[in-house]
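Trainee: turn this into a model:
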Amino acid sequence: MKKTTQLSRRGFIGTNIAAGAGLLLRSLATGIPPALLLAPSRATAQGSGIRPQTLILSVSQAGDPVNINCPGSYINNAADRFQNNPVLPVTRARFGDQRIRTAEPWAALPAQLRQRLAFFHMKTFAAAHPEFDETMSLRNAVKNQAGNGSETFASMSAQLNATAVGSIQKEPIILGRNRITYENQPLQQTEPTQLKALFDPAAGTLDDLGLLRDRTLNRLYATMRTDGTRSQMAFLERFMTGRDQARTMGNNLGRLLESIPTSPDEPNSVEDYIHSAVALAQLGVAPVIVLNIPFGRDNHQDSTLETEAVQTTRGINAMGLMWQELNRFEIQDQVTFAMLNVFGRKFNRNARGGRDHNRDHSVMVSFGRHINGGVYGGVDADGKCTNIAPNDGRSVSSGGISANAAMATAGRSLAAALGHSNRDINTRIQGGRILDAFINRS
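Mentor: Residues are numbered from 1 along each chain as shown. Okay, the predicted model is just below:
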């Protein structure tokens, strides 16, 4: 198993100094290029016709039961053993152009969000927690830049969109204890409270940031004087403007993190993750930001399903908070959200009343400017993913896109909604197909 790194404040700074300008602290310190931090450019990806998006990705190695109580998971004439959560009231609500039965908390989300909120039913083939890496690569369907091997979807999306969205670092940022790799190397993990501490003026970090900036630029300048071209020197000299710039950049992030912790009794709560992720997206720090929104976690022994109900409600509300914050910063059209868990949970409850792993049904929840809200695919009375009609994405018992190809289809469709070109998608994701009904190209 690959080793991941969770860092203290001093360790975070030290690692970034050693690792080079691609990481968060060094990029903020040098401001290369500062315009991408303070006012990120948002070019259109060549050939896609869609503005490239920053991706906020929620992942779970626990395999949360988000698939149990979402639109598309309430079916008629199901057997008694097929049980949605009995604690959550059921209602009908509109998602996109569809009016669908769902757990009531989903219906309470703002109508504008539900217009973009999609539920792509699929199977991950994973039956155990250690298969998390395989799910993150869409069961190894995602390939590296040469079109072979395997890579995580987060890594692929970061590589394809970093320049287009104008992020100041190319690697994803990992909030919390989520194990995600970039080019098959583990990424460091950062808690929201750590991130806030890095840019707290009272801690003296901004002075450290200025010193780091001066050291970095002086070293680059010395190298360029010896080995650089005239154009490289001209580019670098644009950023030799003193330490005030570094302080301004740090203050911007520090100001956006002032509300953390949301609750003093619960530091690094899901709400803190939401505030941090949106702040990083607003500043254009990284093309992909990874976090976890719990929906019940590993609930084998959740005998009353009370924990599932509480966390499902809180998780849905956290998505509502994300939508609220994206709109507050006016970046709701520049950021796409998606949720990808190692596996779903079974509808039939085990002997302890909880839910076991379900390799045959999961759901990718997503929303974004270029996503048409609604349900794609579905689940049958045996709790398994169904086939998908290729014209409109509805659930079908036979024909169309097979259940075995649903995950790759979900990945391809999400990639298209993120602004990746057809050429890149065809090179980087094997199997499946782009589901046009999922994508809003207007």
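Trainee: what does stretch 79-91 contact?
Mentor: Identification of contacts with stretch 79-91 by Cβ atoms under 8 Å, 6 or more residues apart in numbering yields 68-69, 73-75, 101-105, 107, 304-306, 308-309, 312-313, 347-349, 381, 383. Yep, even glycine has a C-beta here, placed from its N, CA and C like the rest.
Trainee: 7 Å - rerun?
Mentor: Residues from elsewhere that reach stretch 79-91, judged by Cβ atoms under 7 Å, 6 or more residues apart in numbering: 68-69, 73-74, 101-105, 107, 305-306, 308-309, 312, 347-349, 381, 383.
Trainee: mind checking which of these are in strands?
Mentor: Those of the contacts of stretch 79-91 mapping onto strands are 101-103, per DSSP state E.
Trainee: tabulate the residues you listed (JSON lines), appending neighbour count and distance to residue 154.
Mentor: Shown next, in JSON lines, are the ones in strands among the contacts of stretch 79-91 (neighbours: other Cβ atoms under 10 Å; distance: Cβ to Cβ, whole Å):
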{"residue": "101", "neighbour count": "16", "distance to residue 154": "32"}
{"residue": "102", "neighbour count": "24", "distance to residue 154": "28"}
{"residue": "103", "neighbour count": "25", "distance to residue 154": "28"}
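Trainee: just the buried residues of the contacts of stretch 79-91.
Mentor: 68-69, 73-74, 101-103, 105, 107, 305, 308-309, 312, 347, 349, 383 (16 or more other Cβ atoms under 10 Å).
Trainee: helix or strand with the lowest mean pLDDT in this protein?
Mentor: In the chain, the helix or strand scored least confidently by mean pLDDT, DSSP states H and E is helix 34-38, which has a mean of 32.
Trainee: now the very next helix or strand once past that helix: average pLDDT?
Mentor: Next along the chain after helix 34-38, taking DSSP states H and E as the criterion, comes strand 54-60. For strand 54-60, mean pLDDT rounds to 97.
Trainee: partner strands of strand 54-60, with direction?
Mentor: Strand 54-60 sits in its sheet next to strand 288-291 (parallel), strand 335-341 (parallel), going by DSSP bridges.
Trainee: what element comes up after that strand heading to the C-terminus?
Mentor: strand 90-95.
Trainee: quick one: mean pLDDT over that next one.
Mentor: In the prediction, strand 90-95 has an average pLDDT of 98.
Trainee: would you mark the buried spots in it?
Mentor: For strand 90-95, by 16+ other Cβ under 10 Å, it's 93, 95.
Trainee: same check on stretch 118-129?
Mentor: For stretch 118-129, the neighbour count (16+ other Cβ under 10 Å) marks 118-126 as buried.
Trainee: pretty sure residue 296 sits against residue 64.
Mentor: Yes - when contacts are counted by Cβ atoms under 7 Å, residue 296 is listed as touching residue 64 (5.2 Å).
Trainee: who has more neighbours, the two?
Mentor: Using other Cβ atoms under 10 Å as the criterion, residue 296 and residue 64 rank with residue 64 on top: 30 against 26.
Trainee: for residue 271, see how far away the residue nearest the centre of the chain is.
Mentor: Nearest to the mean C-alpha position of the chain, by Cα atoms, centre = their mean, lies residue 57 at 0.8 Å. According to Cβ to Cβ, to the nearest Å, residue 57 stands 18 Å off from residue 271.
Trainee: got phi/psi on residue 303?
Mentor: Here is the backbone geometry of residue 303 (degrees, to the nearest 10): phi -60, psi -30.
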